[in-house]
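[1] Structure here, sequence nowhere to be found:
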């Protein structure tokens, strides 16, 4: 691991010592770092003593030349430094990293019993591992990297993970923006098995006693949306006797819970044939024992288009959980409008007394903006509605950054003339 010592940088690969990378930043950036913001962008740096190596520790000084923070430097990204620590100076060495991993694992200790063997072990910035996610699927771990700064440290990270969690397999998943660099400079590819057998690419795990198969090589994120666990449990509690539509269904997590909750039928709509095949397998893994009488239909289609073109289809419970509609700040305004249109489309397919569950995972859309878009669509529908519940982040996905990884559940019934009242 890199470490700060006596004003030098000792490269992870054993290279020669270089002068410590020192940065000074704008007054605005200094304030943000002091208040805990985990990112430093390139345009905030006003002074730098040398070019800097990818993944190296960069020390940030304030205007009085005092230590402000230390973070991982990425010269190839506009997000130039991912802050690890701010405040008083610390020594960043193997023991420091080991302690930080143990702290993340300790936060999950006692959260789950033997009926849930899939959960997040490390949640990026919120656990002090910026741009790194570690998910557990029973004895398989998936390590997802969103930045190349971790690649020089990968070997030691894997050693610590093996010692702390003792998995049978560790799979490496890479964000698209770093796949080419990773392959060229480190000879590693997305879906690489760091330990274990590649034949076990679709492990099964338990969530609240239900069995799920997860494609850790090709699935979105790390293969499954673990952050929706508590919301799936809520949907299960609302599903009895209802016809359910799961739009943007992915591998059918909400659908399996709804079926166990007593749904009469479940319809999955997703654009991915591969995801729908996984949804069928997940349904089959639980069907005979848990919900033998629930009908399951899968439809391969763009969910936005399907909702617009099938106006006569009606359901009692509709789940709208689209992929991120704002991957960058410039897309935020359009995403808010799209969430509103989507909520409106869902409402038109609800029977009297139906329930709409809407979710967002767009980092650049705040919870308030998302809930506001759903609320506005409900008011414009001229149907009386009651907001039943809003939720936030699950305990294994602590959030120090504000984004709308939430679900809003509202009940609707037809009203003639006027909007009616709203209850929280």
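    That came in fine, so what should we check first? Worth saying up front: this structure is predicted, and the values here are computed from it rather than measured. Numbering: from 1, shown residues only.
[2] And residue 255, how far from residue 160?
    Distance of residue 255 to residue 160, given as Cβ to Cβ, to the nearest Å: 37 Å. Quick note: C-beta positions are derived from backbone N, CA and C, even for glycine.
[3] of those two, who's got more company?
    The residue with more neighbours, out of residue 255 and residue 160, is residue 255; 29 against 17, by other Cβ atoms under 10 Å.
[4] contact partners of the strand or helix carrying that one?
    In this structure, residue 255 sits in helix 253-260 according to DSSP states H and E. The contact list for helix 253-260, computed with Cβ atoms under 8 Å, 6 or more residues apart in numbering, reads 207-208, 210, 212, 224-225, 228, 231-233, 235-236, 239, 242, 244, 246, 249, 266, 268, 279, 282-283, 286-287, 290-291, 294, 296, 317, 319, 321, 357.
[5] cool, stretch 28-37 as well?
    Contacts to stretch 28-37, defined as Cβ under 8 Å, 6+ apart, come from residues 25, 40-41, 44-45, 60, 62-63, 68-69, 83, 86, 400.
[6] now with 6 Å?
    By Cβ atoms under 6 Å, 6 or more residues apart in numbering, the residues outside stretch 28-37 that reach it are 44, 62, 68-69, 86.
[7] What of stretch 118-138?
    Contacts for stretch 118-138 (Cβ under 6 Å, 6+ apart): 38, 82, 100, 104, 112, 117, 142-147, 150, 203, 205, 207, 214, 222, 226, 396-400.
[8] just the buried members of those residues?
    38, 82, 100, 104, 112, 117, 142-147, 150, 203, 205, 207, 214, 222, 226, 396-399 (16 or more other Cβ atoms under 10 Å).
[9] Report the distance from the helix holding residue 255 to the chain centre.
    In this view, helix 253-260 has its centroid 20 Å away from the chain centroid, taken as Cα atoms, centre = their mean, to the nearest Å.
[10] moving C-terminal of that helix, what's the next helix or strand?
    Assigned by DSSP H and E, the successor of helix 253-260 is strand 265-270.
[11] which helices and strands sit right next to that next one?
    Strand 265-270 is packed against strand 243-247, helix 253-260, strand 295-300, with contacts defined by 3 or more Cβ pairs under 6 Å, 6 or more residues apart in numbering; DSSP states H and E.
[12] next structured bit after that strand?
    Following strand 265-270 in sequence, per DSSP H and E, is helix 273-290.
[13] tell me what that following helix is packed against?
    strand 210-213, helix 253-260, strand 295-300.
[14] got the buried residues for it?
    275-276, 278-279, 281-283, 285-287, 290.
[15] What residues of stretch 64-80 count as buried?
    67-75, 77, 79-80.
[16] sorry, that was for stretch 339-354
    By neighbour count with 16+ other Cβ under 10 Å, stretch 339-354 contains the buried residues 339-340, 342-347, 349-351, 354.
[17] And for stretch 121-139?
    121-137.
[18] Need the mean per-residue confidence for that stretch.
    Stretch 121-139 comes out with an average pLDDT of 96.
[19] same question, stretch 273-292
    For stretch 273-292, the per-residue pLDDT averages 90.
[20] what stretches of the stretch 1-150 of the chain score poorly on pLDDT?
    For the stretch 1-150 of the chain, residues meeting the criterion pLDDT under 70 lie at 1-16.
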